[in-house]
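Asks: Got a predicted structure plus its sequence, pasted below:
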Amino acid sequence: MPAAPALSPSSCPHCQQPLGALAQRLKQTHCGSATCRQRADQEVLQGRWQQVVALATEHAVQQRLGPTSTPPAVVWLDPAPRQLTPVTDALREQLAQAWRQAWAEDRRRGYRGADTAQALPAAATALCAQCGGTCCVQGALHHAFVDAETLERWLLEHPGQTSEDAIAAYLAALPEQHLDGGCAFQTATGCHLPREQRADICNRYVCPALDELGDTLRATPDRAALVFTRQRRRFERAAVLHQGRATPLNHLPQPDELQPPGPPPQAR
């Protein structure tokens, strides 16, 4: 015996306002207000993202992971700049002046924590290369994070030198090009400075995505992760991260290329 047709909801699931007879007859899923339309759209988009993750998991298992009982973790990243631009003389002068002022005023960030190279599982730090340095972009606003503490450390390693020598050394270490909108030391392949010459914040800061992945790999060292760099309704790139190696996941559809998930079929 066929099941009775599903009844249309009599109230908006978002604001609980009653739906009119016409809205129910048209099987509208919300009242039509701007707020509820936005919420409904977000629900549909979330369902499409779930479909993308499911497809990425299937591809990762087939191409990279093989049969596994533990589903990959999912990591979402914000996009970082990718376009290179010259390090200009004006930028060099701006940095030099800022570093001189930091030295004169003894500005120190005093960023606490442990170096991520020791604090995190080695496989987790591969996430930074896949990310491209969203956190490093902040160096554009903070003069590459070079402060009195950073210059002082250079001076301790170079006895008899002056603060001007330290500033000159950091200026000489600048690349010819850096990522447009990013830190002056940020290149397409990562930070141009050796790790021991970076400000403490650069070596110690852990973003939420990296922190979560670190916890995941401490608990399950061999677990893979699906990494999506996304902005709004699209992802720029996707990869499977496994044992410290990132393998691109190509040919995945964008969320809006997928049909919105529909209601479950009615039982018969």
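Replies: Yep, that arrived. Residues are numbered from 1 along each chain as shown.

Asks: If we ignore the residues flanking it in sequence, what's nearest Thr85?
Replies: Asp180 (4.0 Å; CB to CB, 6 or more residues apart in numbering). Yep, even glycine has a C-beta here, placed from its N, CA and C like the rest.

Asks: same question, Gly181
Replies: Nearest to Gly181 is Pro81, by CB to CB, 6+ apart, at 4.5 Å.

Asks: Hmm, Leu179 and the one you found touching each other?
Replies: Yes. The pair Pro81 / Leu179 is scored as a contact, 4.3 Å apart, by CB atoms under 8 Å.

Asks: out of these two, which sits in the busier spot?
Replies: Leu179 (24 against 20; other CB atoms under 10 Å).

Asks: Could you pull up the residues touching that one?
Replies: Going by CB atoms under 8 Å, 6 or more residues apart in numbering, Leu179 touches 80-85, 133, 137, 186-188.

Asks: And the pLDDT for the closest residue to Leu249 other than its chain neighbours?
Replies: Closest residue in space to Leu249, ignoring its immediate chain neighbours: Ala238 at 4.3 Å, by CB to CB, 6+ apart. As predicted, Ala238 sits at a pLDDT of 94.

Asks: same question, the one 10 residues further on
Replies: According to the model's per-residue confidence, Pro248 sits at a pLDDT of 92.

Asks: now it: how far from Leu156?
Replies: Distance of Pro248 to Leu156, given as CB to CB, to the nearest Å: 43 Å.

Asks: Show me which of those two is the more surrounded one.
Replies: Pro248 (12 against 9).

Asks: which phi and psi does that one have?
Replies: phi -60, psi 140 (degrees, to the nearest 10).
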